[in-house]
Every structure is written in structure tokens, then in C-alpha cells.
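Colleague: Sequence and predicted structure, then a few things I'm wondering about:
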Amino acid sequence: MADSERFSAPGCWAACTTFSRTRKGILLFAEIILCLVILICFSAGTSGYSSLSVVEIVLAAVFFVIYMCDLPSRMAVINWPWSDFFRALIAAVLYLITSIFALVGSGRPAIIAAGVLGLLATCLFGYDAYFTFPLRQQRHTAAPTDPTDGPV
């Protein structure tokens, strides 16, 4: 009975809304929405650049579900912070390259809008990579220092 209550819809909804209010939840949700808008803009102009947006929507949604279900604490086989860091870093670099090609190569308004939004996505994914950098999150304790009245 406890398992059926744990996996019930209100419990799942509560976990989703609780995670979506955190900084990481807001970042992942913003990434999904921005990638969807970029996908729509690229699809209106040409479908050549749209595969990056599809991949990033899927990956951001997967990481959203992973963090929402608290899998990093339950499944330590995969190093989740490094995986999320590299996902965000690679997305930032690929969106930067794709946006530059889209802005330089085409004069269609939909492609230009997607290129500008891609630059915004570069900033968002870059901030996500900076925020999730695993070595930045480690807490260090202060090292002991010598007494202030000099060496003994």
C-alpha cells in the first residue's frame, strides 16, 4: 500500500511542482521552452538546423525527470553532475555554432529569429553549465592558520 501511495498522481505532481520551483528546475524548464521555440522557428525556415533543438529538448526533459525523481541520490552508478555539466556545455557550444551559421547564411526572418534565440540559448545553457559545474559545488573547509601573535 505504501508503494501505491508513493507513486500516486498527487505525489508525482507534488514532486514535479516542488522541483520546478528550484533553480535547476527553472533552468531546465526554460531550456525546454526555448528549444521548442527555436525548433518552431527553424522548422518555419528550413529543417536543416532543427535536429539540435530536438535533441536538446529530449535531453533537457530527461534530466528534468531524473532530477524530479531524485535519481542522482538513488542511482550512484552514473555521475549525474558531470553528465549534466557536459550536456549543458556541449549544448551551449553547438547552439553558438548553429546560431552563427544561421545568422550569416540566411536572410529569412524565421531563421534570423532562430539564430538570435539560439544565441540566447547559448547564454542559458552556458549559465546552466556554470551553475552545475561539479568542482564549483564542492564545499571546502578552511585550513588551520598560525596564531596571530607569531610562530612559537
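Modeller: Cool, got the structure. Just so it is clear, the model here is predicted, and its values are computed rather than measured.
Colleague: Give me the phi and psi for residue 58.
Modeller: With angles defined as degrees, to the nearest 10, residue 58 sits at phi -60, psi -50.
Colleague: What's the local residue count around it?
Modeller: Using other C-beta atoms under 10 Å, the number of residues around residue 58 comes to 12. In short, each C-beta sits where N, CA and C put it, glycine included.
Colleague: From residue 46, how far out is it?
Modeller: Going from residue 58 to residue 46 by C-beta to C-beta, to the nearest Å gives 21 Å.
Colleague: Find the centremost residue of the chain, please.
Modeller: Centroid-nearest residue in the chain, with C-alpha atoms, centre = their mean: residue 28, separated by 4.7 Å.
Colleague: can you pull the pLDDT of that residue?
Modeller: In this model, residue 28 is scored at 90, pLDDT.
Colleague: thought it was touching residue 62?
Modeller: No - between residue 28 and residue 62 there is no contact under C-beta atoms under 8 Å: 9.8 Å.
Colleague: before we move on, back to that, what sits against the residue nearest to the centre of the chain?
Modeller: 60, 63, 64, 67, 128 (C-beta atoms under 8 Å, 6 or more residues apart in numbering).
Colleague: Which strands or helices does the longest helix seen in the chain pack on?
Modeller: Ordering each helix of the chain by length in residues (DSSP state H) puts helix 80-105 first. If contacts are counted by 3 or more C-beta pairs under 8 Å, 6 or more residues apart in numbering; DSSP states H and E, helix 80-105 sits against helix 50-68, helix 71-74, helix 109-131, helix 134-137.
Colleague: Can I get those helices in JSON lines including distance to residue 102 and mean pLDDT?
Modeller: Output for the helices and strands packed on helix 80-105, formatted as JSON lines (distance: least, C-beta to C-beta, whole Å; pLDDT from 0 to 100):
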{"stretch": "helix 50-68", "distance to residue 102": "10", "mean pLDDT": "90"}
{"stretch": "helix 71-74", "distance to residue 102": "34", "mean pLDDT": "79"}
{"stretch": "helix 109-131", "distance to residue 102": "4", "mean pLDDT": "91"}
{"stretch": "helix 134-137", "distance to residue 102": "31", "mean pLDDT": "68"}
